[in-house]
Each structure stands twice: as C-alpha cells, then as structure tokens.
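[1] Got a predicted structure here, sequence first:
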Amino acid sequence: MLTKSDFLLYLRAPLHLWAEKHNKLNKLVPSVYEQHLMKQGYGVEKLAHELLPHATWQEAYVSDEFEIRRDALIKNTDDTYDLYEVKSSTTIKKEHLYDVTFQSIVMKDRTKLNKIFIVTLNKEYIFKNKLDIKELFLITDVTEEVKELTNEVDGKMREAVSIIKKETPDYIENCLDPKTCPCIDLCYPNLPKKSIFNIPMLSPKKKRELVDSKIIDISDLSDQFELSAKQRRITDVIKLGKPYLNNTGLKTFLDSFVYPIYFLDYETYPLAVPIYNNYKTYQHMVFQYSLHVVNEDQTTIHKEYLETELGDPSRNLIKKLNEDIGDTGSVVVWNKTFEFERNKDMANLYPEYKEFLENVNFRMIDLADFINKELYIHPDFLGSWSIKNVLPVMVPDLSYKKLNVNKGDQAMLAWWELIHSSDKTKSVELLEYCGLDTLAMVKIWEKLTIFT
C-alpha cells in the first residue's frame with residue numbers, strides 16, 4: 001500500500017521509499033523542537049476548521065494500491081465536491097501540488113471533484129487585538145494545476161509501487177543530500193569527508209550528473225567540470241588542502257571596521273499564528289541579544305539581554321539595546337540579512353526607535369563576508385560559512401558542543417518553555433549560547449587581524 005506520505009518520500013528520493021518499505025530507513029525520532037513545530041501545524045489545522053465550518057474532515061480513501069487521508073471536503077449543490085488541503089506554510093510549494101494531485105487520483109472513483117484548493121497562511125496578515133480567521137488564511141484554487149500534473153503524478157505513483165516491490169535497492173535513484181539522508185548506508189556508503197556535496201550552491205542537475213558518473217570524492221572532480229569562479233576557488237582549496245588568503249582584500253575589509261566595534265547576535269522565535277499586535281504570520285520575535293564591545297584600546301565589554309516574561313519580547317529588548325549601542329562604531333554580525341531584517345521589523349513595530357535601528361543597519365558589517373567574498377578560505381571549512389563550522393577551524397578552544405543549548409532551534413524552544421514556566425533556570429543556558437555566538441565572532445575577527 002502506497003500512502004501519501006510514502007509518495008512524498010518517493011519524490012524526495014526513490015531509494016528512501018524502498019528503504020522505508022524494507023526496514024532500512026533510520027527511524028529518526030523527531031526532536032523536541034520538531035515536535036513543537038508539528039504542534040503548531042495541528043493548531044493551524046484546528047483554526048482551518050473554523051474557516052471551513054461546513055466541511056467534513058480527515059476521511060480515509062483506498063483505491064487499488066493507494067491510500068490517503070484527505071483534509072477537508074465540501075459538498076456542492078450539484079453533488080460534486082470541493083477538496084481543501086491545509087498547509088501551515090505561507091507559500092504553495094511544488095510538493096503541495098503533487099500532494100493534492102495524488103489525493104485527487106485516489107479519490108476519483110468514489111468522489112466527483114469539482115474544485116481543488118490549497119489553504120495556506122497569509123504572510124501579509126497582521127494581528128490586531130483579535131485573531132481574524134478569514135484574514136489569517138489564503139484559499140488558492142489549484143484545479144488547473146492539478147489537471148496538468150495528473151498524468152505525470154499517475155505515472156510516478158505506478159513507478160513508486162514498482163520500486164516498493166523490488167527485492168534489492170540496485171539501480172534505484174538515491175538522494176542528493178547526504179547531510180539529511182535517513183539511509184546514508186544505502187545512498188552514500190563510505191561517503192568521503194571531502195565530497196562534491198561540499199561545493200556550495202551546486203545545482204541538483206550537476207549533483208546528479210556527478211553522482212551518476214560515480215564522482216563523489218571531490219579529489220576526483222575534473223578541472224574541466226563547469227563551476228562558477230567561487231565554486232572553483234573553494235573546490236581547489238579543498239582539493240589542495242591549503243588555505244587561500246587574499247591579503248590585500250582582507251586588510252581592506254578589516255580596515256573598514258570602526259571602533260568601538262559592536263559584535264551583535266539575536267535569538268528569535270517565529271510564531272506561525274501571531275499573538276501580539278502588529279506582528280505578521282511567522283514574523284520573528286526577537287527575544288534575546290548578546291553584544292561584545294571591543295574598544296580601540298582592545299578592551300572588551302560584554303552586554304546582553306534576555307526577555308523572560310510573557311508579552312512582546314522586543315519592546316524591552318529595543319530599549320536596552322538602545323542603551324548598549326552607541327551612535328558610532330561598526331555593528332558586526334554573522335549573516336547580515338537576518339539581523340538587518342529583524343531591525344526593520346522592530347522599527348515598524350516601534351517607530352520611536354526607527355531612527356536608532358536604521359542607524360544600526362547603516363553601520364552593519366557581515367563578518368562572514370571574509371568567506372563569502374573569498375578573502376580567506378580554509379579547506380576545513382568544507383565549503384561552509386556557518387559559524388559553527390568555521391569556529392572549530394579558526395578557534396578550536398571554543399566549542400558549542402559543551403553547551404546544553406547549542407543550536408538555534410534549541411534556543412527557540414528553550415525560550416518558549418522559559419516564558420511559559422515559573423522555572424527560569426533555562427535562562428542561564430540561553431545566555432551562554434547567545435554569548436558564545438558573539439564571543440566567537442570576536443575571536444574569529446582577532447584571528448583574521450593576525451593574517452594581515
């Protein structure tokens with residue numbers, strides 16, 4: 001029996017489906033945070049029940065070797081039905097269209113469908129005092145898209161069934177993402193540490209071309225294989241095992257920093273359905289910051305803020321940040337887009353701080369640009385510019401591994417638990433984690449200054 005979940009697994013990688021049906025798939029238990037996201041999804045579906053009060057929900061259908069449990073169905077006066085699929089995202093993805101097409105094929109023998117809709121959250125919805133269900137959701141007619149996909153999906157469904165029946169995994173297409181692969185021993189046995197998957201922004205088409213040619217180790221990659229200049233630079237560094245340094249470019253970059261230098265990092269929580277005024281769907285609530293300040297005499301001061309009570313966490317945070325960051329000096333972050341956008345969001349929420357936050361953005365420098373602009377590349381970065389991959393290479397004495405909270409999603413959940421509990425012990429772990437983010441930037445910056 002092929003369920004809808006099975007089919008979506010097949011779309012990601014046919015070999016994953018075979019592994020699932022032959023007990024070769026690693027049964028990964030969802031993390032506590034993933035479970036929390038699922039709970040948010042259930043909450044969105046519950047609200048959708050209010051949006052579609054006349055619908056019947058969660059009925060199972062079986063046809064031949066296929067099985068589904070559809071979301072909502074509404075009967076029309078001409079005895080046809082409209083199908084509604086609820087998604088907790090703000091956009092309709094190709095996977096969603098395959099999903100509803102699969103459902104329509106399984107349902108066709110028992111139900112005459114008229115229209116097919118996908119219900120998503122409205123990314124432009126703004127909460128104002130009370131939740132407006134009709135404004136929260138968008139209902140999109142995808143009937144024509146489903147018709148166009150029907151023959152393709154029907155064929156893929158048959159192929160998926162044939163894959164399940166194979167006795168061995170031979171000649172079944174593997175995935176292109178070993179980092180998240182749930183059956184790595186099948187998809188990529190003996191995956192080398194330095195593989196083609198370390199090449200940043202390599203297209204799926206090129207990955208498939210290399211995988212099908214059995215070129216997995218990056219050392220086997222031909223110098224003639226078409227790559228961008230940046231990809232080629234990183235590939236060469238990894239293959240040769242020697243760091244690349246653009247001394248002049250790095251010096252120019254570091255000379256642009258103005259004292260005092262403020263190393264800033266935010267922690268945020270994106271709530272699917274907003275609960276505070278003027279917040280949009282999935283808008284990040286900034287609940288914490290860490291700030292390491294390096295003065296011209298090289299003295300360093302650490303400042304921080306963590307909201308521990310219920311209510312919009314940004315309100316008090318901005319006030320404290322305004323006190324901690326002066327009018328001059330560079331504001332250094334890792335991944336500028338994120339902090340930049342959070343400041344724009346907070347400026348809209350609290351216009352009285354707009355000038356301050358715009359000034360912070362004007363002075364903002366992305367420390368990760370030393371990698372992104374190819375000023376210094378180390379082979380052990382393995383094509384990544386994540387601070388968690390860069391830090392162990394450049395400053396091995398510092399590590400996230402020793403922390404109880406050592407990832408962004410863990411921080412989100414820890415904070416959510418913190419503000420809904422009388423036990424505030426999690427605050428120490430959150431402060432340690434965010435504090436390490438900015439200390440890591442300071443130490444990486446110090447290491448870079450030695451190179452010049």
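    Yes, it's here.
[2] Now the helix ranked longest in the chain: average pLDDT?
    If you go by DSSP state H, the chain has its longest helix at helix 426-451. The average pLDDT for helix 426-451 rounds to 97.
[3] which strands and helices sit next to it?
    With contacts taken as 3 or more CB pairs under 8 Å, 6 or more residues apart in numbering; DSSP states H and E, helix 426-451 sits against helix 247-255, strand 261-270, strand 284-294, strand 300-306, strand 331-333, helix 387-394, helix 408-419. (C-beta placed from N, C-alpha, C; glycine too.)
[4] Go through the ones you listed and name the closest to Asn190.
    With CB to CB, the closest approach to Asn190 among the helices and strands packed on helix 426-451 belongs to helix 387-394: 22.0 Å.
[5] Going by residue numbers, what spans are helices in the stretch 101-250 of the chain?
    133-136, 143-164, 184-187, 204-212, 229-240, 247-255 (DSSP state H, counting those that start in this stretch).
[6] what does the fourth one contact?
    Applying CB atoms under 8 Å, 6 or more residues apart in numbering, the set of residues contacting helix 204-212 from outside is 174, 176, 196-197, 216, 221, 225-226.
[7] Between helix 229-240 and that helix, find me the angle.
    Here helix 204-212 points in a direction 30 degrees away from that of helix 229-240 (axes from the mean of the first three to the mean of the last three CA atoms, to 10 degrees).
[8] Report the buried residues of helix 204-212.
    Using 16 or more other CB atoms under 10 Å as the test for burial, helix 204-212 gives 206-207, 210-211.
[9] Also the second one?
    Residues of helix 143-164 classed as buried: 143, 145-146, 149, 153, 156-157, 160-161, 163-164 (neighbour count, 16+ other CB under 10 Å).
[10] Figure out which of the helices and strands packed on helix 426-451 is closest to Val32.
    helix 408-419 (6.0 Å).
[11] Show me what the closest one is packed up against.
    helix 32-51, strand 261-270, strand 284-294, helix 426-451.
[12] Mind checking the ones you listed for the one nearest to Asn246?
    Taking the helices and strands packed on helix 408-419 one by one with CB to CB, helix 426-451 is closest: 10.0 Å.
[13] Taking strand 284-294 as reference, get the angle to the closest one.
    Using the same axes, to 10 degrees: helix 426-451 against strand 284-294 is 50 degrees.
[14] now the helices and strands packed on helix 408-419 in JSON lines, with mean neighbour count?
    Putting these into JSON lines (neighbours: other CB atoms under 10 Å) gives the following:
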{"stretch": "helix 32-51", "mean neighbour count": "15"}
{"stretch": "strand 261-270", "mean neighbour count": "22"}
{"stretch": "strand 284-294", "mean neighbour count": "23"}
{"stretch": "helix 426-451", "mean neighbour count": "19"}
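[15] need these in TSV with distance to Asn359, can you?
    Formatted as TSV, these follow (distance: least, CB to CB, whole Å):
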stretch	distance to Asn359
helix 32-51	34
strand 261-270	12
strand 284-294	15
helix 426-451	19
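[16] Compare the ones you listed and report which one is nearest to Ile105.
    Comparing those by CB to CB, helix 32-51 comes nearest, at 22.8 Å.
[17] Tell me the strands beside the next helix or strand after that closest one, with direction?
    Once the chain leaves helix 32-51, the next helix or strand it forms, by DSSP states H and E, is strand 56-57. Strand 56-57 pairs in its sheet with strand 72-75 (antiparallel), by DSSP bridges.
[18] Would you mind pointing out the helix or strand the residue nearest to Ile172 when sequence neighbours are not counted falls in?
    Of all residues beyond its chain neighbours, the one nearest Ile172 is Leu15 (4.6 Å), with distances taken as CB to CB, 6 or more residues apart in numbering. Element membership of Leu15, judged by DSSP H and E, is helix 14-21.
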